[in-house]
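Chemist: using only what follows, build the 3D model:
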Amino acid sequence: MGNAWVALQWLGLEYTDARHSIEWVYLTLARYIGVHGFATIYGDAEWFPYWYAGVPFENTYQPLLPYLVAISAVLAKISAGRAYHLVTGFFFCLGPLGVYLLARRLTRSIWPSLCAAAAYSLLSPCSWLMPSITADLHGYWSNQRLHVLSFYGEGPHLVSLALLPFALLALDWALEDFGWRRAALAALACALVPLSNLIGGFALGWGVLAVMAGRNWRGVPQALAIGAWAYLLSLRWLQPALLADIRRNAPLAGGHFVMDRWHYLALLGLILLSIGIAYKLRQRPALAIVAAFAFPMLVIPLSWEFGQYFFLPQPHRYHLEMDLALALLLAVVLGMLPYRNIIGGAGLAGLLVFGAIEGRQLDPSIRPLRLEETWEHRITNWMANQDPEARVYFGGSPRYFAGVEYDQPQFGGGFANGPRLPLHLLADYGIVVYKGDGKLTSAWLKAYGVDYVAVGDEQSANAYRIWYDPHQFDALLPVLWQEGSDRIFKLNRWNESLAHAIPGAALVVHPPTSYLDTAELFRYVNALEGPQSKGGDLRWLTPSRARIEASPGPEDAISIQIAYDPRWHASTNGQTLDLYEDGLGQMWLQTTKPGATQIDLEFRQSKFILLLCATAWMLWLGALNNFAIRRKPLS
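Modeler: As a prediction, the model looks like this:
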C-alpha cells in the first residue's frame, strides 16, 4: 500500500521542485544516450567532453539507470524527466518484493517474510538510530527511501538496493545446484548491482561474504567464478582505470580523509568480526547469513554518526543498506519464533494500518516543477545562447542542470568520483573557498580553459551558496549577465580555444601540491596569454574526435586543455604522435616539424577490454540459450 501510494505521487511527475537534487545529472546522461545511442558504448560518443575538461563516458556515472531512462523515453515517446520517475518509481516498488523473496528463501516462512517486506516498505529504522537522519526527515516515521529519492536524487542507489536481494537470492540459488544456467543468471544479477551504484555494489560484496560464511564456505570456487564472470560482464563500464579514478577521488569527494593502513586494518577487522558472527551462529544458517550482513551495515554508518569514523568514503550513505539488513533480520527472527505465522500476520496487519494512515503525508520534495520557470534554466539558457561551445565554471545547482537541455562544456560536472584530472577536486575546492583579489582564481580557471565563471553571494538564487568570496572578480572581470546578486563574468582569454602552441618550457611539469603552489601555473598562463603564444584552434568533430590547427615553432609544444587519458590518439598526415600528460593532468604533444600543422585526435577504447567484455557476454548468451532450449527426450 505504501509503495502504491508513492507510485501515485511520483510516477506521473516530469520534474520535481528539488532544485538541489542530483537527479538532473541522470537526466543529462539519459539525454546524451538518447542522442548518441550505441555510440556511447562503442563509437564516436565514448568520450564525454562536457564535464571535468572531458571524461570517458563510463566516468560520468554507473550506467544502468541512465540507459534504462533513455530507452524508456525513446520507447514510450516521453521526456527523460517522465521516464526517470517511471523507472525509479518501479524500482522503489520492486525493493520490498526482493526483500520478501530473499527472506522467504532464508526462512521458508511466508508471513514473517511478508511482514519484513512491509516493514522495509514503510519504516526507516535508520531514523530511530541516527539523529542526523531523524533531523533530516523531521521525525521518526517518514520514509527515508522516498526522501533520499525525491530530495537528494538517489535514484541509482535505490535501484541497486532493489536489485541487491535478487542478486543474493540468485547467488544462493546457483550455489545450491551449480551449473551453467544458474551461474549465468547469478552473474548477471550480481553485475547489475554495481552497474547501478557502487555503494550498493560494495554492500553486495558484504552480502556475498555473508552468504559464503553462512554456508560454511561451501561453494567458494563457484562463487569466485560467478563473481569473476559478473565483473567481466560489467567490464566495459567498470574498467580498472575508472576504479583507480574513484579510489583517488572518493576520499575527497565525500568527506576528506586518507585511506591509510589503519583504515585497511579496521576494515579487515570488520570482515573478521562478520565472519566470526557467522561462525558462532553456524547452527542457524539463515540467521548466520543475515547477521553477518547486518553487522557491517550497522557499524559503518553508526561509527560515522557517533564517532565521525570513516571505515569507507561516504559512510553515512550506508544507512539505506542498514535498513535493508534490519528488514531481513526481522524476517529471520520472526521465522524462529513459535506461532511465527500468527505473529507475522499480526505484524503485517499493523503495518498496513500504519501505511494507510502515514502514507497520506507526502514528502515535501514531491511537487511538480516547470523547468522553464526556474532560475537554473534562465542562467544555463543564457549561457547556451551566448557561447554554447565555451567552457564555463558553474557551481551548485546550475552545474547539475546545465546538461538537461544543452551540451554546455563545464569544468565541473555531476559525479565527483569520476574526474580524470588528478587535481580537479583540489582546484574546484580552492576556486570557491579562496579569498583574495581574484587573480589567483582567474589563473586556475584560465589554466583549465574556462571562459566564463558564474558567481553568487549569500542572496543567490542558487540552491547551493558556495562562494566564500563572491566579490573577488568585481574589479577584475567584466560582467556579461546578472540577475539579482548572481553574475556571470567573462575571463577574456587571449586565445579562446582548448589548443595552444606555446614554448615547451612553459608547460606545467610538477603537479601543484596545494591551491597556492602556483609558480609553474602562472608561468603556463602567462605563456597562454602573452606574446609567446602562437595561438591554435581546436574543433570537435564528434564527442570522441577533434581536430587541431596550429603553427608551432621548433621549440614549441601544443598544449591541449583536455583531460589526459592514454586512450587518446593523435596523428598528423597519417603519422602517429605521442601524447603526454602535463602537471595539471591535461594533454600536450610536439609535432615532428614546425609550421602550420593539422592534428587529428581520437579517443578509442582498449580493444583488449572490449574483447574480454564481448567474450563474457557471448558466453552468457550461450548459457541463456541453453537455459531456454528444452531438449526432446530420445525416442
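
Chemist: what sits against residue 472?
Modeler: The contact partners of residue 472, by C-beta atoms under 8 Å, 6 or more residues apart in numbering, come to 434-438, 441. All C-beta atoms are positioned from the backbone trio N, CA, C, and that covers glycine.

Chemist: so it belongs to a strand, correct?
Modeler: No: secondary structure of residue 472 (DSSP: H, G, I helix; E, B strand; the rest coil): coil, not part of a strand.

Chemist: state the distance from it to residue 433.
Modeler: Counting by C-beta to C-beta, to the nearest Å, the gap from residue 472 to residue 433 is 11 Å.

Chemist: what of residue 294?
Modeler: 39 Å.

Chemist: cool, residue 611 as well?
Modeler: Noted for residue 611: a distance of 45 Å to residue 433, by C-beta to C-beta.

Chemist: look at these two and report which has more neighbours.
Modeler: residue 433 (13 against 10; other C-beta atoms under 10 Å).

Chemist: not counting sequence-adjacent ones, nearest residue to the more buried one?
Modeler: Nearest residue to residue 433 in three dimensions, chain neighbours excluded: residue 468, at 5.0 Å (C-beta to C-beta, 6 or more residues apart in numbering).

Chemist: which SS class is that neighbour?
Modeler: coil.

Chemist: report how many residues lie close to it.
Modeler: 11.

Chemist: repeat for residue 120
Modeler: 29.

Chemist: name the nearest residue to it, sequence neighbours excluded.
Modeler: residue 327 (3.7 Å).

Chemist: where does the protein have its least confident helix or strand?
Modeler: Within the chain, confidence by mean pLDDT, DSSP states H and E is lowest for helix 2-10 among all helices and strands, at a mean of 62.

Chemist: buried stuff in whichever strand or helix holds residue 615?
Modeler: Residue 615 belongs to helix 607-628 when assigned by DSSP states H and E. Burial within helix 607-628, assessed by neighbour count using 16 or more other C-beta atoms under 10 Å, is assigned to 609, 613, 616, 619-620, 623.

Chemist: nearest to residue 73, of the residues you listed?
Modeler: Set against residue 73, the nearest of the buried residues of helix 607-628 by C-beta to C-beta is residue 613 (25.5 Å).

Chemist: distance of that closest one relative to residue 238?
Modeler: 10 Å.

Chemist: repeat for residue 377
Modeler: 34 Å.

Chemist: looking at the two, which is more packed in?
Modeler: residue 238 (22 against 16).

Chemist: contact partners for that one?
Modeler: 58, 62, 194-195, 231.

Chemist: from those, pick the one nearest residue 135.
Modeler: So of the contacts of residue 238, ranked by how close each gets to residue 135 (C-beta to C-beta), first place is residue 62, at 29.1 Å.

Chemist: ok, that closest one touching residue 193?
Modeler: No: using C-beta atoms under 8 Å, residue 62 is not in contact with residue 193; the gap is 9.6 Å.

Chemist: more neighbours, the two?
Modeler: Legend: neighbour count by other C-beta under 10 Å for residue 62 and residue 193, higher for residue 193 (31 against 27).

Chemist: thought residue 162 was touching that one, still the case?
Modeler: No: the criterion here is C-beta under 8 Å, and residue 193 misses it with residue 162 at 9.5 Å.

Chemist: distance between stretch 190-200 and the chain's centre?
Modeler: In terms of C-alpha atoms, centre = their mean, to the nearest Å, the centre of stretch 190-200 is found 10 Å from the chain centre.

Chemist: got the end-to-end distance for it?
Modeler: 11 Å (C-alpha to C-alpha, to the nearest Å).

Chemist: repeat that for stretch 571-586.
Modeler: Criterion C-alpha to C-alpha; first-to-last residue distance in stretch 571-586 is 18 Å.

Chemist: pull out the buried positions in that stretch.
Modeler: Neighbour counts over stretch 571-586 (16+ other C-beta under 10 Å) mark 572, 577, 579, 581-586 as buried.

Chemist: so what's the gap between it and the chain middle?
Modeler: The answer for stretch 571-586 is 29 Å, by C-alpha atoms, centre = their mean.

Chemist: cool, stretch 465-472 as well?
Modeler: Its chain's C-alpha centre and that of stretch 465-472 lie 27 Å apart, by C-alpha atoms, centre = their mean.

Chemist: in it, which residues are buried?
Modeler: So stretch 465-472, judged by 16+ other C-beta under 10 Å, has buried residues 465-467, 469-470, 472.

Chemist: export it as CSV, just CAs?
Modeler: Provided in CSV are the C-alpha atoms of stretch 465-472 (Å, rounded to 0.1, in the frame of the first residue of the first chain):
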residue,chain,number,x,y,z
ARG,A,465,25.6,29.1,-1.9
ILE,A,466,29.2,28.0,-2.3
TRP,A,467,31.3,31.1,-2.8
TYR,A,468,33.4,32.3,0.2
ASP,A,469,34.4,35.5,-1.6
PRO,A,470,31.8,36.2,-4.3
HIS,A,471,33.3,39.7,-4.9
GLN,A,472,36.8,38.8,-5.8
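
Chemist: and it, what's its mean pLDDT?
Modeler: For stretch 465-472, the mean pLDDT works out to 91.

Chemist: related to what we said a few turns ago, and which of the buried residues of helix 607-628 is nearest to residue 40?
Modeler: Nearest member of the buried residues of helix 607-628 to residue 40, counting by C-beta to C-beta, is residue 613, at 14.5 Å.

Chemist: per-residue pLDDT, that closest one?
Modeler: So, for residue 613, pLDDT stands at 94.

Chemist: next up, the contacts around it.
Modeler: With C-beta under 8 Å, 6+ apart, residue 613 has these contacts: 232-233, 235-236.

Chemist: the closest residue to residue 297 other than its chain neighbours: what's it in contact with?
Modeler: Of all residues not flanking residue 297 in the chain, residue 325 sits nearest, at 4.2 Å (C-beta to C-beta, 6+ apart). By C-beta under 8 Å, 6+ apart, residue 325 lies in contact with 290, 293-294, 297-298.

Chemist: separation between residue 224 and residue 230?
Modeler: 11 Å.

Chemist: in terms of neighbours, single out the busier of the two.
Modeler: Using other C-beta under 10 Å as the criterion, residue 224 and residue 230 rank with residue 230 on top: 29 against 12.

Chemist: give the contact list for that one.
Modeler: Going by C-beta under 8 Å, 6+ apart, residue 230 touches 186-188, 190-191.

Chemist: do the same with residue 502
Modeler: Contacts of residue 502 (C-beta under 8 Å, 6+ apart): 524, 527-528, 532-534, 556-557, 559.

Chemist: cutoff 6 Å now
Modeler: Neighbour list for residue 502: 527, 532-533, 559 [criterion: C-beta atoms under 6 Å, 6 or more residues apart in numbering].
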